[in-house]
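Trainee: Have a look; sequence and predicted model below, questions after that.
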Amino acid sequence: MNTYHISLTVNDQKVEADVEPRMLLVHFLRESLSLTGTHIGCDTTSCGACTVHLNGKPVKSCTVLAVQANGGAVRTVEGLAQNGQLHPIQEGFHEKHGLQCGFCTPGMMMTAISLLEHNPDPTEDEIRWGISGNLCRCTGYTNIVKAIQYAAKKMHAQQDVPQTQAEMG
Amino acid sequence: MADKSNSERVQGIGHSRKRVEDARFLQGRGNYIDDLKLPGMLYLGIVRSPYAHARIKSIQTGPAMAVPGVLAVITGETLKQFNVHNMPTLMSDTQMVLPVDTVKYQYQEVAGVLATDRYTAADGVAAVDIEYEPLPAVVDPKMALEPGSPKVRDDKPDNHIWHWEWGDEEKTNQAFDEAGVTVAEDIYIPRIHVASIETCGCVAKWDPIDKHLTLWMTTQAPHAIRTVVALVTAHLGLSEERIRVISPDIGGGFGGKVPVYPGYVIAVAASIVTGKPVKWIETRTENIAADSFARDYHIHAEVAADKDGTLTAMRINTIADHGYTDAAANPSKFPAGLFHIATGAYNFKNAFVEVDGVYTNKPPGGIAYRCSFRVTEAVHTIERMADILAHTLGMDPAEFRMKNFVQPEQFPYKSALGWEYDSGNYAAALRKAMDMIGYEDLRKEQAEKRLRGELMGIGISSFVEIVGAGPSKHFDILGLKMFDSCEIRVHPTGKAIARFGTKSQGQAHETTYAQIIAEELGIPADHIKVEEGDTDTAPYGLGTYASRSTPTAGAAAAIASRKIRDKARKIAAHLLEASEDDLVWEQGKFYVKGSPDHAKTIQEIAFAAYTNHPQGMEAGLEAVDYYDPPNLTYPFGSYICVVDIDRGTGAVKIRRFVAVDDCGVRINPMVVEGQIHGGLAMGFAPSLLEEIVYDENGNLLNPNFMDYLLPTAVETPRWEVGETVTPSPHHPFGAKGVGESATVGAPAAIANAVVDAMWHLGVHNIDIPITPPKVWKILKDHGAALEE
């Protein structure tokens, strides 16, 4: 089988590899890069467990070929915490008991982050529609919604801090 | 006097302690089965049957072997050489690992392909060339019982597997003859699938030098698996001390990860044959199409009462579709599980239940879909029948329930079918749910809406579960008694490790078990490490399903802690130079009666256990307990659902859903509430969305998430939850178990609400899933559909 050379960044690290053209991005992340936080839950782009960010947009990495990510920037769950500090969405899921078995959680968080980037102050309905491409079998979604609301507030607060400081300065 | 700051520090029972599992899951550091990669590991792909019933005429492996990277193709004939082509089921039937002549359901395993990576394995699977001769299939269990039906099994006289009955038939029939009113209904509870978001899989690693098998496996019951593997492979030289089963992080179980599936066995065989580690991971389609289904009960139920609405008798007969072999996951003495909890919350004097198991050309199974053995089937039946009888008599369904509930003073209550309910206050839970939802006002609103032709329904489900299997007298799986275990070791610095025979699949055992021990010993939960899932290190236990972890292993944690406390008392007496009888325990320390400052903390005692233990006493501070519960536990609750039905589309909108649960003492209220939320979603799902559907030839029509509909956040209702607390009198700290209550109780509340909205039209029953086309057709048949 022919291979193609790809070059991309994954969680801000430069990555180069030779991959089969049919290799899915999710398998490239999980098996070639050992980033196993991104999961696979179905064969039909239905469950969202494999959601990652490609060039800033959420994609289901089971339906993207690794070669399509060539030249792009990928962010996975492993890239959320910075300098040992959890991302607000991670904090929200912990504080609000937004996860049980944890299998859907990485994809759910990646989707939620994109939702909040586009809509920093979503209503409950907007959150529910926003995560409707991600399936969770454990939580009944109630606490996932709360976790995302928690993260929205926290992200607001983080954005407000420098502004306030600037005003004060 | 309770010391509040100490209690906060210790985080014992009753604290909503944040989960310790979260850190790894939130950062992508979970250890799920497909995350495991070993050097030289091969991948197993499985070739599956396109037919529901067919004779295998030939299997050409050559084309697959020609694919670069394919190393071997394993068929039934390969396995037959080692006599592992068949395996026993939990119900002592026979299941094929790989067939040697016929296949019995669509998607049945036919051959295994071993390759260097998963893509090549898939290429190999596609290249295996199999010629089949299709045979007539039977998919309807009632047709399977007719003379002349296609026969599913060549080794059996017909398609009837067993008849099981319970209760006093004669007295029950007499009560029906004398009844003031009787009602009867056919209720079908369809085949569904747990569809945990992680599918099943394993990595088998056979070490040919040490003759040692390590099996990482998505299993809810690792110890039982080890013993079963040892028993069925003894003739191949495997021996139980050389088998290590490791259940890693599990991405949801719900019963689906209790059975042994052929893929696991093929992977083990493949590793033994090749001497290399072999990974097998199901696709979603394989998971839905071939793993154990749940339910599939065709129920005929009758209930009798006096004219004033006092229930007198219940009679049920049921046809249970088991697929091509009886591989139900039940305690061995209970072929229909605990279906005879069907008298529910009501004070029936007479009851009789019979079930007939039937073979069809469908996959085997009979696991529980997040419920104790067949309890949802029982609860759905009695709760539907209670509503039908109430409506028939013109009584309010709440009033009818209140009239017939087993009363608090009747506990321990012996049911007409022989169960001894431990504790309950059913009326209190229902009253609370009615208050939360504003029941009386809703009934007024419903009456007004009905005058305007609007369809609004209110449904109640006052369920009683039976969980925590179970007492060794009656409960075993293949002879293994259904105790469970906890082993605690307290380290010299007063920290501890605790290991269990159960296995969390998301229930937060690492968090909550530590709280039990913290409560009992006063060691802060943050300093108690919990481990499960490794048969080399954990004490033997039967695993996590049927809401049994808290009733069995949770109880073992409390008893093992108390054993440690007994020894700690002796050490404290030695250190304090006091008599043991003069010591008083207060969470985390012993002090001398009347002299609270004269005390030794559990940390000081632990240190002494290793550095200054009394002469004549063993060093160390540890204990193990194998807890054999004296009885099952009986969680209960009342759920109320309000629906509005669109007469133009048949769509059912759940406007409100109130759930009041009583699971006894709650270890971690946050976790309990999370379990209830999730359970409610898995009660809602089969009520409105999920059903495994076959055509008349046995073709599965929806083996994927595009067609088998799991609820998303959009459809899932907003849950409102409440609680009452009625401790279990026989459990060491009064807990009952909660993981499955809501899945058991919710469907009846939803179905009752939908029927309640339409009873005045002459509608008495609707089978789940309640889909818009189904409702619309009923409305049309009763002249109530809006048509433009």
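Mentor: On my side now, so go ahead.
Trainee: remind me which residues of chain B are low pLDDT?
Mentor: Confidence mapping of chain B against pLDDT under 70 gives the ranges B:1-2.
Trainee: wait, is B:Ile319 part of a strand?
Mentor: Yes - B:Ile319: assigned to a strand according to DSSP: H, G, I helix; E, B strand; the rest coil.
Trainee: Tell me the secondary structure at the closest residue to it other than its chain neighbours.
Mentor: Counting by Cβ to Cβ, 6 or more residues apart in numbering or on different chains, B:Ile319 lies nearest to B:His298, which is 4.3 Å off, once chain neighbours are set aside. Every C-beta, even on glycine, is put in place using the N, C-alpha and C of the backbone. Under three-state DSSP, the three-state class of B:His298 is strand.
Trainee: just checking, B:His298 touches B:Pro141?
Mentor: Yes - under the contact definition of Cβ atoms under 8 Å, B:His298 touches B:Pro141, with a separation of 6.5 Å.
Trainee: ok, A:Tyr150 - how many residues close by?
Mentor: Neighbour count of A:Tyr150, defined by other Cβ atoms under 10 Å in any protein chain shown: 20.
Trainee: isn't there a helix covering B:Val268?
Mentor: Yes - residue assignment for B:Val268, taken from three-state DSSP, places it within a helix.
Trainee: Distance of the closest residue to it other than its chain neighbours relative to chain A?
Mentor: Leaving out its chain neighbours, the residue that sits closest to B:Val268 by Cβ to Cβ, 6+ apart is B:Ala204, at 4.4 Å. When Cβ to the nearest Cβ, to the nearest Å is the yardstick, B:Ala204 and chain A sit 19 Å from each other.
Trainee: B:Ala204 bridge partners, please.
Mentor: Each beta-bridge partner of B:Ala204 is listed here: B:Leu215, B:Val278, as defined by DSSP bridges.
Trainee: That one against B:Val229, yeah?
Mentor: No - taking Cβ under 8 Å as the definition, B:Ala204 is not a contact partner of B:Val229, at 9.9 Å.
Trainee: need the contact list for the residue of the stretch 351-500 of chain B found nearest chain A.
Mentor: Residue of the stretch 351-500 of chain B nearest chain A, by Cβ to the nearest Cβ: B:Arg370 (9.2 Å). When contacts are counted by Cβ atoms under 8 Å, 6 or more residues apart in numbering or on different chains, B:Arg370 is found next to B:Val194, B:Phe254, B:Gly255, B:Gly679, B:Met682, B:Gly739, B:Glu740, B:Thr743.
Trainee: so how far is B:Gly251 from the first one?
Mentor: Meaning B:Val194. 12 Å (Cβ to Cβ, to the nearest Å).
Trainee: These two - which one has more neighbours?
Mentor: Counted by other Cβ under 10 Å, B:Val194 and B:Gly251 do not tie: B:Gly251 has more neighbours, with 30 against 25.
Trainee: hang on, the more buried one in a strand?
Mentor: No - counting by three-state DSSP, B:Gly251 is not found in a strand; it is coil.
Trainee: Give me the contact status of the longest helix along chain A with chain B.
Mentor: Looking only at chain A and at elements set by DSSP state H, the helix with the highest residue count is helix A:142-168. Yes - part of helix A:142-168 sits close enough to chain B to count as contact by Cβ under 8 Å from any Cβ of the partner chain, namely A:Thr142, A:Asn143, A:Ile144, A:Val145.
Trainee: quick one: buried residues of that helix?
Mentor: Buried residues in helix A:142-168, counted by 16 or more other Cβ atoms under 10 Å in any protein chain shown: A:142-152, A:154-155.
Trainee: can you put these in JSON lines and add pLDDT?
Mentor: Putting the buried residues of helix A:142-168 into JSON lines (pLDDT from 0 to 100) gives the following:
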{"residue": "A:Thr142", "pLDDT": "97"}
{"residue": "A:Asn143", "pLDDT": "98"}
{"residue": "A:Ile144", "pLDDT": "98"}
{"residue": "A:Val145", "pLDDT": "98"}
{"residue": "A:Lys146", "pLDDT": "98"}
{"residue": "A:Ala147", "pLDDT": "98"}
{"residue": "A:Ile148", "pLDDT": "98"}
{"residue": "A:Gln149", "pLDDT": "98"}
{"residue": "A:Tyr150", "pLDDT": "98"}
{"residue": "A:Ala151", "pLDDT": "98"}
{"residue": "A:Ala152", "pLDDT": "98"}
{"residue": "A:Lys154", "pLDDT": "96"}
{"residue": "A:Met155", "pLDDT": "95"}
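Trainee: picking that back up, does the residue of the stretch 351-500 of chain B closest to chain A sit in a helix, a strand or a coil?
Mentor: Assignment for B:Arg370 (three-state DSSP): coil.
Trainee: Who are the contact partners of B:Gly745?
Mentor: With contacts taken as Cβ under 8 Å, 6+ apart, B:Gly745 has the following neighbours: B:Val379, B:Glu383, B:Ser461, B:Phe463, B:Glu465, B:Gly637, B:Tyr639, B:Ala659, B:Gly683.
Trainee: Among those residues, which one sits closest to B:Leu417?
Mentor: Closest approach to B:Leu417 among those (Cβ to Cβ): B:Val379, at 13.8 Å.
Trainee: didn't that closest one look like it was pressed against B:Ala748?
Mentor: Yes - taking Cβ under 8 Å as the contact criterion, B:Val379 and B:Ala748 are neighbours in contact, 6.1 Å apart.
Trainee: where do the contact lists of the two overlap?
Mentor: Both B:Val379 and B:Ala748 are in contact with B:Ser461, B:Phe463, where contact means Cβ under 8 Å, 6+ apart.
Trainee: residues near B:Asp441, how many?
Mentor: Using other Cβ under 10 Å as the criterion, B:Asp441 is surrounded by 9 other residues.
Trainee: what do you get for B:Ser462?
Mentor: With neighbours defined by other Cβ under 10 Å, the count for B:Ser462 comes to 31.
Trainee: Would you verify that it is located in a strand?
Mentor: Yes - residue assignment for B:Ser462, taken from three-state DSSP, places it within a strand.
Trainee: Would you mind measuring from it to B:Ala746?
Mentor: For B:Ser462, the distance to B:Ala746 under the criterion Cβ to Cβ works out to 12 Å.
Trainee: Ok, A:Ala151 next?
Mentor: Using Cβ to Cβ, one gets 29 Å for the distance from A:Ala151 to B:Ala746.
Trainee: element containing the residue most central in space within chain A, please.
Mentor: Ranked by distance to the mean C-alpha position of chain A (Cα atoms, centre = their mean), the top residue is A:Met110 at 1.9 Å. According to DSSP states H and E, A:Met110 maps onto helix A:105-118.
Trainee: what helices or strands is that helix leaning on?
Mentor: With contacts taken as 3 or more Cβ pairs under 8 Å, 6 or more residues apart in numbering or on different chains; DSSP states H and E, helix A:105-118 sits against strand A:51-54, strand A:57-60, helix A:88-95, helix A:124-130, helix A:142-168, helix B:22-26.
Trainee: So which residues make contact with that helix?
Mentor: With Cβ under 8 Å, 6+ apart as the contact definition, helix A:105-118 has outside contacts at A:37-39, A:47-53, A:57-58, A:60, A:75-77, A:80, A:87, A:89-90, A:93, A:98-99, A:122, A:126-127, A:130-131, A:133-134, A:136, A:144, A:147-148, A:151-152, A:155, B:25-26, B:28.
Trainee: Going by neighbour count, which of those residues are buried?
Mentor: Buried residues within these, defined by neighbour count using 16+ other Cβ under 10 Å: A:37-39, A:47-53, A:58, A:60, A:75-77, A:80, A:87, A:89-90, A:93, A:98-99, A:122, A:127, A:130-131, A:133-134, A:136, A:144, A:147-148, A:151-152, A:155, B:25-26, B:28.
Trainee: Can you tell me the SS state at the closest residue to chain B within chain A?
Mentor: Relative to chain B, the nearest point of chain A is A:Gly37 (1.8 Å; Cβ to the nearest Cβ). Secondary structure of A:Gly37, reduced to three states by three-state DSSP: coil.
Trainee: What's the local residue count around the residue in the stretch 451-600 of chain B positioned nearest to chain A?
Mentor: Across the stretch 451-600 of chain B, the shortest distance to chain A (Cβ to the nearest Cβ) belongs to B:Gly506, at 3.1 Å. Neighbour count for B:Gly506, taken as other Cβ under 10 Å: 27.
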